[in-house]
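In: Quick one: sequence and predicted model below, then my questions.
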Amino acid sequence: MFRRKSGDNSPVPDNTDQKKKRIRIRPVLLSAALAAYTVFTLLDAFVIPRDIVTLESVQAAAGSEAAAENTGGSADASTSASDTDSSAAEKNGTAEESFASESEGGESTADAAEDGSNSGTGDSTKHKHKPGGKGGRSGSGGPGSGKGKSGKPGSGSSSGSSSGKSGSADGSSGSDSKGNTSSGSGSTSENAASGEAADAEAVSTDSYQADGVSITLTEKRVYDTQVYIADIQLDDPSELLSGLADNSFGRNLSQKTSELAESLGAVLAINGDYYGFRDTGYVMRNGYLYRSTARSGSGNEDLVVYSDGSMEIIDESEVTAEELKAKGAVQIYSFGPGLISDGTVAVTAGDEVDQSMSSNPRTAIGMVEPGHYIMVVSDGRTDESAGLSLAQLAEVMQEAGCTEAYNLDGGGSTTMWFNGEIVNNPTGGRGSNERAVSDIVYIGK
């Protein structure tokens, strides 16, 4: 069986025992290997920690990443828009300082606005102002951003969604622009979880309720005068907006309150301070400073609305428009005077707007607290309504709960627009008796 080399006479070794030992060892090694594999498998499954990646976690991570990118993009756009608006505002302010006086011949300019003189010979230079509409309430856009439902005037790019009130098209989920989500099983965006949009508008002749906006209109008769009071509550104070005639800033630009309100999609509007009847006085609208030239002398009071929704009455001789902007001002109206300051009536029975009559149609705006505002107009100069003095107007505002209140342009300019209709009885124009004005204060739909 085994061959020996030639010349080798030694006996051939017998390896049978060694083969038997190797055969007996193999099953032992196999058993040990199998046992070790089993132990490792159990440890791996139940003891050794490991990351579990699911589809849900991938989607969540992707969503967070997209949200972070959108936030960063909006911030960059806002910064860019703000820088652009600031530069344009400085140029506009410089241009406006050269405008000529509109009212001459012994009658004060304030009297001209309140008593009906809109004509003038001032420079017709205008600066385009295109305020946005409102959609999803997170949107914002600076002057020149266009009107519509993509954003509201402010200091940045528009990012709101006008359809964020209910579920998505496949009914899986939806979110409003404030970040509140809702899940549902409907088949359209109008029919989410419950089949109805939670923030649907509720409109009547004397009220409006929709998506963080509540407006209630009441009438009362005081001092032989019909008075109209709009009580406004806003979840977002930045919904208190201003609109300019022809979407532009400049002298000799005017438009009826109703026409301007309708073009801007307003649900409620009153005439503003008629900035265009003179060439001085601070003018800021929706965060954009158009004019920073103070009126001469002291006692020229402005109403300042800040970004947090608070209001303050200031004297132009004591603070600059730039300082107010740095403090967070978004609106500055320069007519006056202030009616209520820090809860105290600031006018007396003898106070009046220059040479105006003691009883007039009046327009006023005030604040109960940030986000809670009062707009008031009164009839006057008719057989049905005598009109109010400033002291009487202040009394109406105080009874409505105002801690701050301010007199806007009155007389023939006084107009309130609500739910598509003129509420009061204007006396300043021809035909419809509605006078064209340079600006309005409004709440959008």
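Out: All right, it came through fine. Computed from a predicted structure; not experimentally measured.

In: and stretch 333-345, what's its mean pLDDT?
Out: Mean pLDDT, computed over stretch 333-345, is 97.

In: what's the nearest residue to Met367 if we skip its chain neighbours?
Out: Met311 (4.3 Å; C-beta to C-beta, 6 or more residues apart in numbering). All C-beta atoms are positioned from the backbone trio N, CA, C, and that covers glycine.

In: got a list of what that neighbour touches?
Out: By C-beta atoms under 8 Å, 6 or more residues apart in numbering, the contact set of Met311 is 303-305, 366-367, 404, 406.

In: next one: Val376
Out: Val376 touches 227-230, 362-366, 393, 396-397, 400, counting by C-beta under 8 Å, 6+ apart.

In: try 6 Å this time
Out: Residues in contact with Val376, defined by C-beta atoms under 6 Å, 6 or more residues apart in numbering, are 229, 364, 396.

In: Tell me the spacing between Gly380 and Val222.
Out: 12 Å (C-beta to C-beta, to the nearest Å).

In: more crowded one of those two?
Out: Taking other C-beta atoms under 10 Å, Gly380 and Val222 do not tie; Gly380 has more neighbours (27 against 14).

In: Just to be sure, the more buried one is in a strand?
Out: No. Going by DSSP: H, G, I helix; E, B strand; the rest coil, the assignment for Gly380 is coil, not a strand.

In: Excluding covalently adjacent residues, which one is nearest to it?
Out: Gly387 (2.4 Å).

In: cool, Asn300 as well?
Out: Glu316 (4.6 Å).

In: shouldn't the one you found be in contact with Ser298?
Out: No. When contacts are counted by C-beta atoms under 6 Å, Glu316 is not listed as touching Ser298 (8.3 Å).

In: Among those two, which residue is more densely surrounded?
Out: A direct count of neighbours by other C-beta under 10 Å for Glu316 and Ser298 places Glu316 higher, at 25 against 11.

In: separation between the more buried one and Lys327?
Out: 15 Å.

In: Same question for Met375.
Out: With C-beta to C-beta as the criterion, Met375 and Lys327 are 24 Å apart.

In: Please say which of these two ends up with more neighbours.
Out: Neighbour count, other C-beta under 10 Å: between Met375 and Lys327, Met375 has more, with 27 against 12.

In: CA atoms only for the helix or strand hosting the more buried one, dumped as CSV, please.
Out: Taking DSSP states H and E as the definition, Met375 sits inside strand 372-378. Extracted C-alpha coordinates of strand 372-378, given in CSV (Å, rounded to 0.1, in the frame of the first residue of the first chain):
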residue,chain,number,x,y,z
HIS,A,372,-57.6,94.8,19.3
TYR,A,373,-58.6,98.0,17.5
ILE,A,374,-61.5,100.4,17.1
MET,A,375,-62.3,102.4,13.9
VAL,A,376,-65.0,105.1,14.2
VAL,A,377,-66.7,107.4,11.7
SER,A,378,-69.5,109.8,12.3
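
In: per-residue pLDDT, Pro131?
Out: 47.

In: My error: substitute Leu34 in the last question.
Out: pLDDT at Leu34 comes out at 76.
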